[in-house]
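Trainee: can't give you the sequence, but here's the structure:
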């Protein structure tokens, strides 16, 4: 199991370096705090992410520390097979944080040079979780909007258009399809809003998900 976890962590680090199908506007790096759960017998069969730690934001050539948290709920479970859960559209994702732009490591984020508030919000197109011996990899696609206040703070174009978002997470957790997922521990990952505005980017979704599926299958076979 320790060997599997090491491979997973290295895999997540490699994912951060894989270029997306379109240029990412921001890269939000996921840390090791927070949790993920899915309760098959609950009132909702969505996948939930609670207080997931965001540690860094990259915009262009600038990479700066971020004290942030991500919360999400996908659409409900739509299908499953022996190794995967599939979740439908709907739900929501949001990231709030304190952006320490002046690099003084002020944890209260009270300086005039800092930003505090919502970074992005969105709704899911779909999500899937692959399971292998307790190690789980989540791939998700969503439509998102970067907060106008945050965009202005970074010097980005302020727009009301929706963009594609990609979310990749690797985590541990009990449960095999279609059973519930609980007692999770997040290893890491990323969130990427992509520079392809809707509706043009919607046509990339099928090819993108097929590519992610092939990559994930190869990774899972390597763990066996």
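Mentor: Received it, and whenever you're ready, just let me know what you need. Keep in mind that what you see is a predicted model, and the values were worked out from it rather than measured.
Trainee: wait, doesn't residue 85 sit right on residue 179?
Mentor: No. Using Cβ atoms under 8 Å, residue 85 is not in contact with residue 179; the gap is 9.4 Å. All C-beta atoms are positioned from the backbone trio N, CA, C, and that covers glycine.
Trainee: ok, these two, which is more surrounded?
Mentor: Between residue 85 and residue 179, residue 85 has the larger neighbour count (other Cβ atoms under 10 Å), namely 28 against 15.
Trainee: Quickly list what the more buried one is bridged to.
Mentor: On the basis of DSSP bridges, residue 85 is bridged to residue 80, residue 129.
Trainee: How about the one 10 residues further on?
Mentor: Here residue 95 shows beta-bridge partners residue 70, residue 120, assigned using DSSP bridges.
Trainee: How much space separates the residue nearest the centre of the chain from residue 189?
Mentor: By Cα atoms, centre = their mean, the chain has its centre lying nearest to residue 167, at 2.9 Å. According to Cβ to Cβ, to the nearest Å, residue 167 stands 7 Å off from residue 189.
Trainee: which residues do those two both contact?
Mentor: residue 138 (Cβ atoms under 8 Å, 6 or more residues apart in numbering).
Trainee: how about the helices in the protein?
Mentor: 2-17, 148-154, 205-223 (DSSP state H).
Trainee: Who are the packing partners of the shortest one?
Mentor: Here helix 148-154 touches strand 115-132, going by 3 or more Cβ pairs under 8 Å, 6 or more residues apart in numbering; DSSP states H and E.
Trainee: that older thread, and the helices of the chain, which one averages the lowest pLDDT?
Mentor: When the helices of the chain are compared by mean pLDDT, helix 2-17 comes last with a mean of 43.
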